[in-house]
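Enquirer: Quick one, structure for this:
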Amino acid sequence: MKNNENAFLKGLEFLAQEHFRSLRPQKGGFGVEHFHVKGYQDLLFHLEALINVCTLALGNPNAEDHPNIKEPRVHVQTVLEMAAQLIPFEEAALLDQMRELIWKVEGASD
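Expert: A predicted model of the protein is given here:
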């Protein structure tokens, strides 16, 4: 039983090192490591797009002709691209492999 637990913990440690890459612990929470911007102007553009998409999503009937938001489709596309970058696929792969490892350990202990 002890050997199974040690093997499980070693396997878990290996998987965590290999796959836990999206969220990094920071003071008071976590940071997203794989969200890339080209610089401050690009970051500010993304932040503006988030705000603008939220404004459009409030159900504004004149969303396409909003007087303060130029090219709303560009902002929507930018937010969708940003959201896609935030999906933690690495962590999902780890969870799948952890489940398989747990099943193996549970099967070995029966």
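Enquirer: going forward, measure contacts and count neighbours with C-alpha atoms only.
Expert: Will do.
Enquirer: what's the longest helix anywhere in the chain packed up against?
Expert: The residue-count maximum for a helix in the chain (DSSP state H) belongs to helix 89-109. Using 3 or more CA pairs under 8 Å, 6 or more residues apart in numbering; DSSP states H and E as the contact test, the elements touching helix 89-109 are helix 2-19.
Enquirer: Please enumerate residues in contact with the helix it packs on?
Expert: Residues outside helix 2-19 that contact it (CA atoms under 8 Å, 6 or more residues apart in numbering) are 90-91, 93-94, 97-98, 101-102, 105, 108-109.
Enquirer: immediately after the least confident helix or strand in the chain by mean pLDDT, which helix or strand?
Expert: Least confident helix or strand of the chain, by mean pLDDT, DSSP states H and E, is strand 23-26 with a mean of 70. Note on strand 23-26: by DSSP states H and E, the next helix or strand toward the C-terminus is strand 29-32.
Enquirer: looking just at contacts, which helices and strands does that next one meet?
Expert: strand 23-26.
Enquirer: what's around residue 38, how many residues?
Expert: 7 (other CA atoms under 10 Å).
Enquirer: meant to ask about residue 44, not that
Expert: 12.
Enquirer: confidence score at it?
Expert: Looking at residue 44, its pLDDT stands at 80.
Enquirer: Name the helix or strand for it, please.
Expert: helix 40-57.
Enquirer: Identify each buried residue in the very next helix or strand once past that helix, please.
Expert: Following helix 40-57 in sequence order, the next helix or strand is helix 72-86 (DSSP H and E). Applying a neighbour-count criterion of 16 or more other CA atoms under 10 Å, one finds 72, 75-76, 78-79, 82, 85 buried in helix 72-86.
Enquirer: any idea how far residue 91 is from residue 3?
Expert: According to CA to CA, to the nearest Å, residue 91 and residue 3 sit 26 Å apart.
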